[in-house]
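Enquirer: this one's sequence-less:
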């Protein structure tokens, strides 16, 4: 039986995988902006596919090394479910945030500044139709679905061996549901990397930490105590 990769290799995989995911996911907003599209439905579909496919690719590429977590909220959800060690939790979160910040800075450095309002740099924004509490609830619900998909398609020993595809499809579905409302971040790193790079920190920034953490913790507890085989 092969030994588990060293923590340094796991952290490098988490940082790199998160970098790739945010580069593709946030970069899709810039690519859409460069087309000059004004159709919100088409833009939402592009965002859903780019984020879902980008995450599926990044998770599949890093799953054998670090588990392909790539999300601080998912890290906490796995920790709650006893699938990620306590000594790994904080290093994983730091690596994921660092990879996302690097991706945001790479986009700012590479794409024309004329494209760069807060949404087009990939930072999620809250719809004016929602209150902050509704935004938290939506992010919690979407992240709950994502973490259940992580457990059911990648973590559980009974899971089908489909790499990151199931996780990516969960993101596609979540973005189609909530993308026009909260940006459907489901991932504090996915939110804060572009926010940091673009200098965009709205008063409601904490939605993208509180909501995903609530959803991930709930999913981890439910899967551990109600759904996982004993």
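Expert: Looks like it came in fine. Please read these numbers as outputs of a predicted model, since none were measured by experiment.

Enquirer: name the nearest residue to residue 28, ignoring sequence neighbours.
Expert: residue 50 (3.2 Å; CB to CB, 6 or more residues apart in numbering). In this view, the C-beta of every residue, glycine as well, is placed from N, C-alpha and C.

Enquirer: no no, residue 26
Expert: Among residues not flanking residue 26 along the chain, residue 122 sits closest, at 2.3 Å (CB to CB, 6+ apart).

Enquirer: what about that neighbour, distance to residue 5?
Expert: 30 Å (CB to CB, to the nearest Å).

Enquirer: do the same with residue 15
Expert: Residue 15 is 14 Å from residue 5, by CB to CB.

Enquirer: neighbour count winner among these two?
Expert: Shown here are residue 15 and residue 5; by other CB atoms under 10 Å, residue 15 has more neighbours (25 against 15).

Enquirer: for that one, what are phi and psi?
Expert: phi -60, psi -50 (degrees, to the nearest 10).

Enquirer: and it, what does it touch?
Expert: Shown in contact with residue 15 (CB atoms under 8 Å, 6 or more residues apart in numbering): 95-96, 98-99, 102.

Enquirer: from residue 204, how far out is it?
Expert: For residue 15, the distance to residue 204 - CB to CB - is 27 Å.

Enquirer: re earlier: residue contacts, the residue nearest to residue 26?
Expert: Residue 122 makes contact with 22, 25-30, 104, 107, 193-194, 198, according to CB under 8 Å, 6+ apart.

Enquirer: can you rerun that using 6 Å?
Expert: 26, 29, 194 (CB atoms under 6 Å, 6 or more residues apart in numbering).

Enquirer: residues of stretch 39-54 that come out buried?
Expert: For stretch 39-54, the neighbour count (16 or more other CB atoms under 10 Å) marks 43-54 as buried.

Enquirer: returning to what we had before: check the offset of the helix or strand harbouring the residue nearest to residue 28 from the chain's centre.
Expert: Assigned by DSSP states H and E, residue 50 belongs to helix 40-66. Helix 40-66 has its C-alpha centroid displaced from the chain centroid by 9 Å (CA atoms, centre = their mean, to the nearest Å).

Enquirer: what of stretch 133-144?
Expert: So, by CA atoms, centre = their mean, the centroid of stretch 133-144 is 14 Å from its chain's centroid.

Enquirer: outside of that stretch, which residues touch it?
Expert: For stretch 133-144, the surrounding residues in contact (CB under 6 Å, 6+ apart) are 73, 126, 174, 178, 181-182, 184, 186, 207, 210-212, 214-216, 218-219.

Enquirer: tell me the mean pLDDT over that stretch?
Expert: Average pLDDT, stretch 133-144: 98.

Enquirer: can you get me a residue count around residue 61?
Expert: 18.

Enquirer: need the nearest residue in space to it, chain neighbours excluded.
Expert: Once flanking residues are discounted, residue 61 sits nearest to residue 17: 6.4 Å by CB to CB, 6+ apart.

Enquirer: burial check on the closest residue to residue 43 other than its chain neighbours, number of neighbours?
Expert: Ranked by CB to CB, 6+ apart and with sequence neighbours excluded, the top spatial neighbour of residue 43 is residue 32, at 5.2 Å. When neighbours are counted by other CB under 10 Å, residue 32 registers 21.
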